[in-house]
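1. model the structure of this input:
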Amino acid sequence: MAPKHAREHEPSDKPKRAPKEEVAHPRKRFYRARAHSNPLNDAEFDVPTTPEDVDWSEHYPEVYEELEGRQQQQQGGEAGAPGPSSSAPEQPAVRFLDIGCGFGGLLVRLSTLYPDTLMLGMEIRDKVSAYVRERIAALRREQPGLYRNCSVLRTNAMKYLPNYFRKGQLTKMFFLFPDPHFKAANHRRRIINTQLLTEYAHLLAPGGWLYTITDVPELGEWMRAKLAAHRLYERVSEEELEADPAAGLLVLSSEEGQKVARNGGATFRNVYRRLEAPRELGAGGEAGAAAATAPA
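-> Next up is the predicted model:
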């Protein structure tokens, strides 16, 4: 039997495990900002002229790399094939939009629930949007192949949505715990109002869902009333909401929702569907007209 010190230096047939890379995640305390921002201020943003001018490959590089690979493979297969060429692969497009995404809690949860759907968070605060960007980058490094379908963009959603999205492009829009703007003079700053709902209807595909939730009763009633009065929306039934994975994330996915839950507060959820054609006045299926309390 070989001496102990000799055995210690003998080569082993066992493959050595590569040390796991430790990924540093951003810390919220370095990205804190004011709770809300005035969306009607004169802050300047670099905004595309049309949706076609947006380079989405910067937000979803892995998705676009795969698309490019498929296109090259298709072109190579068609080079020696007679007859008409087949259609090019469909360009990926953002389908889910979280307006005022905060620290990105909803985005990262939706990302794994809907891995084949591109989704975007929009946030007006620079530090907060920077945090979400770093958070997603860290998650992508830590878990390769995941979170490649979500991204964040700093802009003013009240002003520039049509610069980024085409008519009928979106299938889900989320508005989680928006700024209540309590003063009557500031109600024009609310992210849910009649004019903006018309713009959202333009961007939503028929059948698309618009999700709202708040812990402020007066704002919950405001959003319900505005949606109920709009002819391009109808209320989604509670039975449909129970079967919808996204609806179950509205309360606890965001930092604000978690705070409300810790304090035992009530939440008021209103989810509406974009209609294909305007409904008749007075029709809207408002059987459950009161704003529904979301499950904790």
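2. output the lowest mean pLDDT helix or strand found in the chain.
-> In the chain, no helix or strand scores lower on mean pLDDT, DSSP states H and E than strand 292-293, which sits at a mean of 44.
3. all helices for the protein, in order.
-> Taking DSSP state H as the test, the helices found in the chain are 4-8, 61-79, 105-113, 126-142, 157-160, 194-203, 217-229, 238-242, 255-262.
4. residue 26 is nearest to which of these?
-> helix 126-142 (4.0 Å; C-beta to C-beta). Any C-beta I mention is one placed from the backbone N, CA and C, and that applies to glycine too.
5. helix 61-79 and that closest one, what's the angle between them?
-> 60 degrees (axes from the mean of the first three to the mean of the last three C-alpha atoms, to 10 degrees).
6. now do helix 126-142 against helix 105-113, angle only.
-> Using the same axes, to 10 degrees: helix 126-142 against helix 105-113 is 30 degrees.
7. what packs against helix 126-142?
-> Here helix 126-142 touches helix 105-113, strand 118-123, strand 150-154, going by 3 or more C-beta pairs under 8 Å, 6 or more residues apart in numbering; DSSP states H and E.
8. for the longest one, buried residues please.
-> Buried positions in helix 105-113, judged by neighbour count with 16 or more other C-beta atoms under 10 Å: 105-111.
9. tally of neighbours for residue 186?
-> For residue 186, the neighbour count with other C-beta atoms under 10 Å is 13.
10. actually residue 134, sorry about that
-> Around residue 134 there are 18 residues (other C-beta under 10 Å).
11. hang on, isn't it packed against residue 23?
-> No. Between residue 134 and residue 23 there is no contact under C-beta atoms under 8 Å: 10.8 Å.
12. please list all residues in contact with residue 94.
-> Contact analysis of residue 94 by C-beta atoms under 8 Å, 6 or more residues apart in numbering lists 56, 118-120, 164-165, 169-170.
13. ok, so of the residues you listed, who is nearest residue 126?
-> Scanning these for proximity to residue 126, where the rule is C-beta to C-beta, the winner is residue 120, at 16.8 Å.
14. my guess is that closest one contacts residue 93, does it?
-> No. Assessed by C-beta under 8 Å, residue 120 is found out of contact with residue 93, at 10.4 Å.
15. neighbour count winner among these two?
-> Legend: neighbour count by other C-beta under 10 Å for residue 120 and residue 93, higher for residue 120 (23 against 13).
16. if I look at the more buried one, how far off is residue 216?
-> Residue 120 sits 26 Å away from residue 216, going by C-beta to C-beta, to the nearest Å.
17. just residue 205 next, same as before
-> Distance from residue 205 to residue 216, by C-beta to C-beta: 29 Å.
18. out of the two, which sits in the busier spot?
-> More crowded of residue 205 and residue 216, by other C-beta under 10 Å: residue 216, with 18 against 15.
19. now the closest residue to the more buried one other than its chain neighbours: phi and psi?
-> With sequence-adjacent residues excluded and distances taken as C-beta to C-beta, 6 or more residues apart in numbering, residue 216 is closest to residue 180, at 4.6 Å. Residue 180 adopts backbone torsions of phi -70, psi -30, taken as degrees, to the nearest 10.
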